[in-house]
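Asks: Could you work out the structure for the sequence below:
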Amino acid sequence: MFERYLTLWVVFCIVMGVTLGHFLPFVFHIIGAADVAHVNIPVALLIWLMIIPMLLRIDFRSLGQVRKYWRGVGVTLFINWAVKPFSMAALAWLFIGHLFEPYLPTGQVDSYIAGLIILAAAPCTAMVFVWSNLSNGEPHFTISQVAFNDVIMIFAFAPIVGLLLGLSDIAIPWGTLFLSAALYIAAPVVIAQLLRQRVLASRGMLGLESILTKLGPVSLFALLAMLVLLFGFQGEQIVAHPLVIALLSLPILIQVYCNAGLAYFLSRQFGVPHCVAAPSALIGASNFFELAVATAIVLFGIDSGATLATVVGVLVEVPVMLSVVGLVNRTRGWYERGNAVSARALGR
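Replies: Presented below is the predicted three-dimensional model:
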């Protein structure tokens, strides 16, 4: 029930964050100053609380199941790594760099583009389990796909971000970028797997399920606290430039719906079952916004345009992804009629 009404909680936290940030900016300036080596400690702790409980669900031995769902995995990997980062960069250059440039604050255009690129450079990890559950997705596919993406992300996130930022003529602090990848991808994956193995060895699968049940709310409450904090940091900018939010939202909306639609269509053409196609479309469309926000903060600062762009991604993603869940659920009959024809054509 809490997850189904997540949009309401998100909106409440956003309003609270913007209000507090507008009327009590000094509080957020103090929190924003609590950093070590350009890493904001409160933000880092909240992100770890969000990510690690979700990563505990992943058994990297499930990578062996990739062969069983190879068509769905192939579609998702194609969208995540060959389409999404580059399509978002193109949309950012078109809309933010050209069409909307006259309406945006002077000197922030490159920063907004950087934030959108960072947002699209990593596929969603944590919230995917929520979307998959709401669309009756195949859990083994979801887990194996997320595990596969996490392994790829450890090695590909920083190079892809660096490449696209370089093509945009945006200065790239490579050391800081790799630090962000290590801190928010590699370290949580390693910690979660060590904890998982320790719990399984001492308490078995029932013990792990018990811990996951207890930690689930912690992860969601950390997300909501993170939203209050992030929108508090950006409260003054949001109140001062409300049009910027709408302009940044447009390329994100286009990207989410186009990538979800493309993944869903390709899955249907390749005869992928709906229980795999639905989470495939959702994984292909959603972004790892926790990582994006953290990386933008590390690279450009809490009050930067890049951070604001990733925060807008948070604002847009939850309600939009819930609408995508609704679309794949309502079109299941249409999907399965065409899927049967495709499966026969492929000799399955």
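
Asks: which SSE is the residue nearest to residue 304 when sequence neighbours are not counted in?
Replies: On the basis of CB to CB, 6 or more residues apart in numbering, the spatially nearest residue to residue 304 that is not a chain neighbour turns out to be residue 111, at 5.3 Å. All C-beta spots, glycine's among them, are computed from the backbone N, C-alpha and C. For residue 111, the host element (DSSP states H and E) is helix 109-120.

Asks: Now do that helix: which elements does it pack against?
Replies: Secondary structure elements in contact with helix 109-120, counted by 3 or more CB pairs under 8 Å, 6 or more residues apart in numbering; DSSP states H and E, are helix 84-91, helix 139-167, helix 242-269, helix 289-300, helix 305-330.

Asks: Give me the mean pLDDT for the helix or strand that it is followed by.
Replies: Tracing the chain past helix 109-120, the next element assigned as helix or strand by DSSP H and E is helix 128-134. What helix 128-134 shows for mean pLDDT is 79.

Asks: just stretch 321-340 next, same as before
Replies: Rounded to a whole number, the mean pLDDT of stretch 321-340 is 86.

Asks: same deal with stretch 149-168?
Replies: The predicted model assigns stretch 149-168 a mean pLDDT of 85.

Asks: check contacts around residue 93.
Replies: If a contact means CB atoms under 8 Å, 6 or more residues apart in numbering, then residue 93 has 113, 168 as its contacts.

Asks: I'd like to know how far it sits from residue 245.
Replies: As defined by CB to CB, to the nearest Å, residue 93 lies at a distance of 20 Å from residue 245.

Asks: Next: residue 330.
Replies: When distances are taken as CB to CB, residue 330 and residue 245 turn out to be 29 Å apart.

Asks: between the two, which one's more packed in?
Replies: Applying other CB atoms under 10 Å to residue 330 and residue 245 shows that residue 245 carries more neighbours, namely 17 against 10.

Asks: Does that one touch residue 311 like I think?
Replies: No: between residue 245 and residue 311 there is no contact, the gap being 9.2 Å when judged by CB atoms under 8 Å.

Asks: surely residue 274 meets residue 337?
Replies: No: checked against CB under 8 Å, the pair residue 274 and residue 337 is beyond contact range at 10.7 Å.

Asks: who's more crowded, these two?
Replies: Taking other CB under 10 Å, residue 274 and residue 337 do not tie; residue 274 has more neighbours (23 against 10).

Asks: residues contacting that one?
Replies: Taking CB under 8 Å, 6+ apart as the contact definition, residue 274 lies against 328, 332, 335-336, 339.

Asks: between these, which is nearest residue 69?
Replies: Proximity of the contacts of residue 274 to residue 69, judged by CB to CB, is greatest for residue 339, which lies at 14.3 Å.

Asks: helix, strand or coil for residue 303?
Replies: Secondary structure of residue 303, reduced to three states by DSSP: H, G, I helix; E, B strand; the rest coil: coil.

Asks: Now do the contacts for it.
Replies: Residues in contact with residue 303, defined by CB under 8 Å, 6+ apart, are 32, 233-234, 237.

Asks: What distance do you get for the spatially closest residue to residue 120 that is not a sequence neighbour to residue 103?
Replies: Nearest non-adjacent residue to residue 120, counting by CB to CB, 6+ apart: residue 88, 3.4 Å away. For residue 88, the distance to residue 103 under the criterion CB to CB works out to 20 Å.

Asks: These two: which has the busier surroundings?
Replies: For residue 88 versus residue 103, the count of surrounding residues by other CB under 10 Å is larger for residue 88: 26 against 11.

Asks: how near is the spatially most central residue of the chain to residue 202?
Replies: Computing the C-alpha centroid of the chain and ranking residues by CA atoms, centre = their mean puts residue 288 first, at 1.9 Å. When CB to CB is the yardstick, residue 288 and residue 202 sit 31 Å from each other.

Asks: Next: residue 86.
Replies: Using CB to CB, we find residue 86 at a distance of 45 Å from residue 202.

Asks: Looking at the two, which is more packed in?
Replies: Neighbour count, other CB under 10 Å: between residue 86 and residue 202, residue 86 has more, with 17 against 9.

Asks: Tell me if I'm right that the more buried one and residue 164 touch.
Replies: Yes: with contact defined as CB under 8 Å, residue 86 reaches residue 164; the gap is 7.3 Å.
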